[in-house]
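Asker: Build me a structure from this.
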Amino acid sequence: MNKVILFNKRPVGKPTLDDFKFVEEEQPEVADGQVLLKTLYVSVDPYLRGRMTEAKSYIPPFELNKPLQSAVVAEVVESRLEGFKLGDFVTGNLDWKEFQVSNGSGLNKVDGDAASLSAYLGILGMTGLTAYFGLTEIAHPKSGETVVISGAAGAVGSVAGQIAKILGCRVIGLAGSEEKIHLLKSKFGFDEGINYKKTADMKHAIAEAAPNGVDIYFDNVGGAVSDAVLANINKFGRVPLCGSISNYNDTEVDLGPRIQSTLVKNSVLMQGFIVSNYSTKFKDGMAQLSKWLQEGKLEYAETVVDGFDQIPQAFIDLFEGKNNGKMVVKI
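Answerer: The predicted structure follows:
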């Protein structure tokens with residue numbers, strides 16, 4: 001039998017285990033022009049929360065009583081499709097199933113000898129590319145500038161900070177525990193770290209850590225933390241908007257400082273983006289990330305959870321900040 005995780009109901013506020021349903025189905029048979037895939041690693045990401053609502057977005061919402069989907073690394077265990085053979089490893093946006101068939105659309109082969117397979121869901125996958133393009137295509141860092149990263153110990157933030165360091169910037173990371181602050185400085189090479197959960201006045205703390213102001217703010221969280229950073233933004237500052245995890249589970253409209261006057265006064269560029277905006281440049285971005293990784297200029301952290309049954313809980317744990325780096329589930 002084949003385990004499957006279905007979308008059971010739309011959450012109100014933070015998702016719970018009741019929003020997911022486990023079922024079993026017959027293992028699928030492979031037809032001509034198809035491959036049978038065995039799931040090895042599943043990515044859980046904050047953006048999936050947006051797909052749980054019916055609100056219009058850049059990606060269609062999940063359908064009730066259908067399998068959820070995310071980035072997956074899988075192994076080809078049977079092939080009747082030209083170009084794929086037994087033992088190939090692939091990535092793609094796939095269902096939360098132990099086994100599934102595919103016609104090959106959207107699958108990309110990956111090399112398990114070049115990097116760990118799970119890395120293709122993180123630093124060599126969408127999260128690494130998100131950090132790379134957010135910085136290089138929107139922020140355009142210059143050597144000597146000050147960069148602040150929120151959600152800095154997460155999958156995207158930890159890579160964004162390291163890229164900024166490679167490009168000669170001074171980097172300040174914002175995270176929610178002393179353990180994460182230590183990780184930012186000891187493993188990822190950040191210059192400073194601020195634990196927002198233990199800091200009463202974030203605006204003042206950022207001003208102290210960035211006495212020359214903030215040139216670039218890579219925003220992963222939104223909310224009050226971002227208000228404090230923007231209060232310290234420099235003239236001609238740039239703000240790539242990657243996410244707003246602090247608001248994903250809100251049940252009411254969040255009201256904060258009106259930022260238009262700050263943006264106008266300081267001629268600040270603030271731009272939201274999704275990584276697929278740069279899909280035509282993925283090959284170049286992947287090549288650069290791989291080069292830096294091979295040269296030892298990039299490090300990555302993973303929180304690996306074992307077991308197919310743990311996928312929903314691992315996803316929920318993202319909103320409690322229980323991950324260092326990329327959260328993946330090993331099947």
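
Asker: show me the contacts for the nearest residue to S246 once chain neighbours are set aside.
Answerer: Leaving aside its chain neighbours, S246 sits nearest to G223 (3.5 Å; criterion: C-beta to C-beta, 6 or more residues apart in numbering). For the C-beta atoms, the positions are set from N, CA and C on the backbone; glycine is no exception. By C-beta atoms under 8 Å, 6 or more residues apart in numbering, G223 lies in contact with 244, 246-247, 254, 256.

Asker: what about the longest strand in this protein?
Answerer: strand 69-79 (DSSP state E).

Asker: any chance you could map the strands in the stretch 151-300 of the chain?
Answerer: Assigned strands in the stretch 151-300 of the chain, in chain order: 170-175, 192-195, 214-218, 233-241, 269-272 (criterion: DSSP state E, counting those that start in this stretch).

Asker: The stretch 1-150 of the chain too?
Answerer: 2-7, 20-25, 35-43, 69-79, 89-95, 99-102, 108-110, 146-149.

Asker: ranking those by burial, who's on top?
Answerer: Sort the strands of the stretch 1-150 of the chain by mean neighbour count, taking mean count of other C-beta atoms under 10 Å, and strand 146-149 sits at the top with a mean of 30.

Asker: Put the alpha carbons of it into CSV.
Answerer: What follows is strand 146-149, C-alpha atoms only, in CSV (Å, rounded to 0.1, in the frame of the first residue of the first chain):
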residue,chain,number,x,y,z
THR,A,146,25.4,47.2,5.5
VAL,A,147,22.8,44.4,4.9
VAL,A,148,20.2,43.2,7.4
ILE,A,149,18.6,39.8,7.0
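
Asker: what's next to that strand, contact-wise?
Answerer: 139, 141, 157, 160-161, 164, 169-174, 190, 206, 210, 212-218, 220, 229, 234.

Asker: Now the buried members of the residues you listed.
Answerer: Buried subset of the contacts of strand 146-149 (neighbour count, 16 or more other C-beta atoms under 10 Å): 139, 141, 157, 160-161, 164, 169-174, 190, 206, 210, 214-218, 220, 229, 234.

Asker: I figured D45 hits L68, correct?
Answerer: No - here D45 does not reach L68: they are 11.5 Å apart, not a contact under C-beta atoms under 8 Å.

Asker: And those two? Which one has more around it.
Answerer: Set D45 next to L68 and count neighbours by other C-beta atoms under 10 Å: L68 wins out with 24 against 21.

Asker: Now do the same for that one: its pLDDT.
Answerer: pLDDT recorded at L68 is 98.

Asker: Y248 too?
Answerer: If you check Y248, the pLDDT there is 69.

Asker: quick one on the thing from earlier: take the contacts of G223 and lay them out in a markdown table including neighbour count and distance to R51.
Answerer: A markdown table is the format used below for these (neighbours: other C-beta atoms under 10 Å; distance: C-beta to C-beta, whole Å):
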| residue | neighbour count | distance to R51 |
| --- | --- | --- |
| S244 | 20 | 15 |
| S246 | 19 | 18 |
| N247 | 13 | 16 |
| D254 | 11 | 20 |
| G256 | 12 | 25 |
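
Asker: Could you measure from the closest residue to S70 other than its chain neighbours over to S118?
Answerer: Nearest non-adjacent residue to S70, counting by C-beta to C-beta, 6+ apart: S43, 5.0 Å away. Look at S43 and S118: by C-beta to C-beta, to the nearest Å, they are 9 Å apart.

Asker: what residues do those two have in common as contacts?
Answerer: 326, 328.

Asker: Can you list the residue ranges for helices in the chain?
Answerer: Secondary structure of the chain (DSSP state H): helices located at 126-133, 155-166, 178-186, 202-209, 223-230, 260-265, 282-294, 311-317.

Asker: Can you name the residues that contact the nearest residue to E137 once chain neighbours are set aside?
Answerer: Sequence neighbours aside, Y278 is the residue nearest to E137 in space, at 6.2 Å (criterion: C-beta to C-beta, 6+ apart). For Y278, the contact set (C-beta under 8 Å, 6+ apart) comprises 129, 133, 137, 285.

Asker: How about P67?
Answerer: 4-7, 95-97.

Asker: Could you dump the residues you listed into TSV with distance to D113 and pLDDT added?
Answerer: Listed next are the contacts of P67 as TSV, based on distance: C-beta to C-beta, whole Å; pLDDT from 0 to 100:
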residue	distance to D113	pLDDT
V4	31	98
I5	30	98
L6	35	98
F7	36	98
D95	27	98
W96	27	98
K97	27	98
